[in-house]
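Novice: need a 3D model of the sequence below.
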Amino acid sequence: MGFTPFFLVYGAKAILSTDLEYGSLRLQAYNEQSNHTAREDTLDQLEEAQDVALLYSAKYQQALRCYQAWRIRSRDLKVGDLVLRLRQSNRGRHKLTPPWEGSYIVVQVLKPGTYKLANEKGKILTNT
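Specialist: Numbers count the residues shown, from 1 in each chain. Alright, predicted model coming up:
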């Protein structure tokens, strides 16, 4: 009787060479067909659990989006309105500097939410 290497797999038990030689109860009770159908059933249950988790995730994301958007009011600006602009760079500023700059004038409405701005002297800003 020589050495037989055993490879362990997570969740499976190794079969000893003596069990193979003498035919243990575990080997006698093993049925290839029932094992195959049990594995297919387990894979089906896994796919179903993944689908349910995906549905719960989508439902959660939708509820979160609705919760975050319920207090937001859309505001359409018109030509001539005065607005503040978020600073593009905080370089050279300290943490107590306000994040907004300006007062700028809306010169042109490109599309809803997109505007051309000009400063008080009438110079149109390139990055608005």
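Novice: so Tyr104: helix, strand or coil?
Specialist: Under DSSP: H, G, I helix; E, B strand; the rest coil, Tyr104 falls in the strand class.
Novice: average pLDDT for stretch 65-76?
Specialist: Regarding stretch 65-76, the rounded mean pLDDT is 87.
Novice: next one: stretch 118-128
Specialist: The pLDDT scores in stretch 118-128 average 85.
Novice: contacting residues around it?
Specialist: By C-beta atoms under 8 Å, 6 or more residues apart in numbering, the surrounding residues in contact with stretch 118-128 are Arg85, Gln88, Gly102, Ser103, Tyr104, Ile105, Val107, Tyr115, Lys116, Leu117. Where you see a C-beta, it was placed from the backbone N, CA and C, and this is true even at glycine.
Novice: just these now: which is nearest Leu46?
Specialist: Proximity of the contacts of stretch 118-128 to Leu46 (C-beta to C-beta) peaks at Gln88, which lies at 48.8 Å.
Novice: show me the contacts for that closest one.
Specialist: Going by C-beta under 8 Å, 6+ apart, Gln88 touches Asn127.
Novice: state the distance from it to Tyr60.
Specialist: Going from Gln88 to Tyr60 by C-beta to C-beta, to the nearest Å gives 34 Å.
Novice: again, but for Glu32
Specialist: Distance of Glu32 to Tyr60, computed by C-beta to C-beta: 42 Å.
Novice: neighbour count: these two, which is higher?
Specialist: Tyr60 (10 against 7; other C-beta atoms under 10 Å).
Novice: need the three-state assignment for that one.
Specialist: helix.
Novice: state the pLDDT value of it.
Specialist: Tyr60 carries a pLDDT value of 97.
Novice: could you do Val83 as well?
Specialist: Looking at Val83, its pLDDT reads 93.
Novice: wait, is it part of a strand?
Specialist: Yes. Looking at Val83 with three-state DSSP, it is inside a strand.
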